[in-house]
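>>> Structure of the sequence below:
(one chain, ligands or ions: 4)
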Amino acid sequence: MVYRAEYLWIDGSEPTAEIRSKTKVLADGETPGTWGYDGSSTNQATGSSSDVVLEPKFTCPDPIRGGDNILVMCETFNPDDMTPLESNNRSAAVAAQEKYSAMEPLFGMEQEYTMLDPVTEWPYGFPEGGYPRPQGPYYCGVGAVKIAGREIVEEHTDLCIAAGLAISGTNAEVMPGQWEFQIGPVDTVTVADHIWIARYLLFRVGEKHNVEISLAAKPMKGDWNGAGMHTNFSTKQMRESYGAIETAAQSLGAEGKPEEHLAGYGQGIEERLTGAHETQRYDQFSYGVSDRGASVRIPWQVAQDQKGYIEDRRPNANADPYVVARLMTETVCAALT
Ligand code: ADP
Ligand code: MN
Ligand code: MN
Ligand code: MN
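Numbering: from 1, shown residues only. Ligands and ions are numbered 1, 2, ... in the order given. So this is what the prediction gives:
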């Protein structure tokens, strides 16, 4: 049977890369091979040398089309020398994973996002042109006054499960119209592949319901929480000993490391990491047990069990998960070597 492959890739949009996709119709038994697109339309090439090469890297069932149809996550390459495009951060994540595979890194990422009216760009659940009651009742809330958009969340979760993604939960967030899903625990490259595909599916559900999905780090200025992508991380050693947990947390605060990491943790990091709204300031580093005002939190249960994982609370919702996962793998695994 003829089937369709939806090729997905990351573009060169500024200041934050976006996902793009197009459809290839394949004959029965044909596999999705190398393809290309017009990079001059995605801020990735000039018009006179516009072709970008698409290499399929990860496939899963397409839960929107169903049947034999598939989604294909691709890497992008320059046609001249087949080097990765600047926006192709997957290549380096694969290298980090291969280098440290013996340490068995695992990731769980918490992707927060905000639903917006596509015309006014005002959050879903905010009164038109106005503000709802202050934050407090909305996080994990239930009921019409507190919650907007749950039907979108449920539909998205069904799609992620049908695609075989490692979705591990969802919750309503602190600001109305803000939600979260979690992917994990899976390896360095898989967590990022799954986050990008889950984002794609979320944007598609938003299209259907005419709701804009925003990954902006601070969609509402003022006394409203920003949107992050908390990144939970462990290695085999950390899953066995508390000494390794402390070494891992300290490694992220070592000389030069906070700056190196924040540069890869998404656009608008200073706006979100203010020291308020459950964040540590961007120019300070701290870690602590149960501390949601720290850069890195050691969950209470992990201190209890004396083993487990750490949570880096700094990445923005709009960060590229390939970059975040590579940085954490490199920094922590080097410290634990
Ligand atoms: P929070 O309490 O910060 O809201 P969540 O429950 O939203 O935490 O997310 C925790 C994430 O941590 C989940 O994605 C889960 O899969 C992941 N996780 C659990 N155990 C580990 C581990 N050992 N290593 C890495 N990630 C883990
Ligand atoms: Mn969470
Ligand atoms: Mn959250
Ligand atoms: Mn968290």
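>>> which non-adjacent residue is nearest the closest residue to ligand 1 within the chain?
Residue nearest to ligand 1 within the chain: Gly108 (2.3 Å; CB to the nearest ligand atom). C-beta here means a position set from N, CA and C on the backbone, and glycine is covered the same way. Leaving aside its sequence neighbours, Gly108 sits nearest to Gly184 (CB to CB, 6 or more residues apart in numbering; 2.8 Å).
>>> Run the chain-centre distance for the helix or strand encompassing the residue of the chain closest to ligand 1.
For Gly108, the host element (DSSP states H and E) is strand 106-116. Centroid displacement of strand 106-116 relative to its chain, using CA atoms, centre = their mean, to the nearest Å, is 6 Å.
>>> Would you mind listing the buried residues in stretch 259-266?
His261, Leu262, Gly264, Tyr265, Gly266 (16 or more other CB atoms under 10 Å).
>>> For the residue of the stretch 151-300 of the chain found nearest ligand 4, grab the count of nearby residues.
The minimum distance from the stretch 151-300 of the chain to ligand 4, using CB to the ion, falls at His230 (3.5 Å). His230 is flanked by 20 other residues according to other CB atoms under 10 Å.
>>> if we can go back for a sec, what distance do you get for the residue of the chain closest to ligand 1 to ligand 4?
From Gly108 across to ligand 4, the span is 9 Å (CB to the ion, to the nearest Å).
>>> Now do the contacts for that residue.
Ser168, Gln182, Ile183, Gly184, Pro185, Val191, Thr231, Asn232, Phe233, Tyr309 (CB atoms under 8 Å, 6 or more residues apart in numbering).
>>> quick one: low-confidence ranges for the stretch 1-150 of the chain?
For the stretch 1-150 of the chain, applying pLDDT under 70 flags no range at all.
>>> could you pull out the strands for it?
Secondary structure of the stretch 1-150 of the chain (DSSP state E, counting those that start in this stretch): strands located at 3-10, 19-26, 35-38, 51-61, 70-77, 106-116.
>>> Quick check: neighbours of the shortest one in the sheet, parallel or antiparallel?
Which is strand 35-38. Counting by DSSP bridges, the strands paired with strand 35-38 are strand 51-61 (antiparallel).
>>> got it, and the second one?
Strands flanking strand 19-26 in the sheet, each with its direction: strand 3-10 (antiparallel) (DSSP bridges).
>>> Return the distance of the partner strand from the chain's centre.
The answer for strand 3-10 is 19 Å, by CA atoms, centre = their mean.
>>> May I see the buried residues of that strand?
Burial within strand 3-10, assessed by neighbour count using 16+ other CB under 10 Å, is assigned to Tyr3, Arg4, Ala5, Glu6, Tyr7, Leu8, Trp9, Ile10.
>>> Flag every buried residue along the longest helix seen in the chain.
Ranked by residue count under DSSP state H, the longest helix found in the chain is helix 188-209. By neighbour count on 16+ other CB under 10 Å, the buried set for helix 188-209 is 188-206.
>>> what do you get for stretch 96-114?
Applying 16+ other CB under 10 Å to stretch 96-114 flags 96-97, 100, 103, 105-114 as buried.
>>> Kindly state the beta-bridge partners for the residue in the stretch 51-200 of the chain that ligand 4 sits nearest to.
Using CB to the ion, the closest approach of the stretch 51-200 of the chain to ligand 4 is made by Glu110 at 4.8 Å. For Glu110, the beta-bridge partners are Gln182, His230 (DSSP bridges).
>>> give the contact list for it.
Counted by CB under 8 Å, 6+ apart, Glu110 has contacts Glu180, Phe181, Gln182, Gly228, Met229, His230, Thr231, Asn232.
>>> Now do the next helix or strand after the strand holding Gly108: which elements does it pack against?
Going down the chain from strand 106-116, the next helix or strand is helix 150-163, by DSSP H and E. Contact here means 3 or more CB pairs under 8 Å, 6 or more residues apart in numbering; DSSP states H and E; on that basis helix 150-163 packs against strand 51-61, strand 167-172, strand 178-186, helix 188-209.
>>> Go through helix 150-163 and flag the buried ones.
Neighbour-count burial for helix 150-163 flags Ile152, Val153, Glu155, His156, Thr157, Leu159, Cys160, Ala163 (criterion: 16+ other CB under 10 Å).
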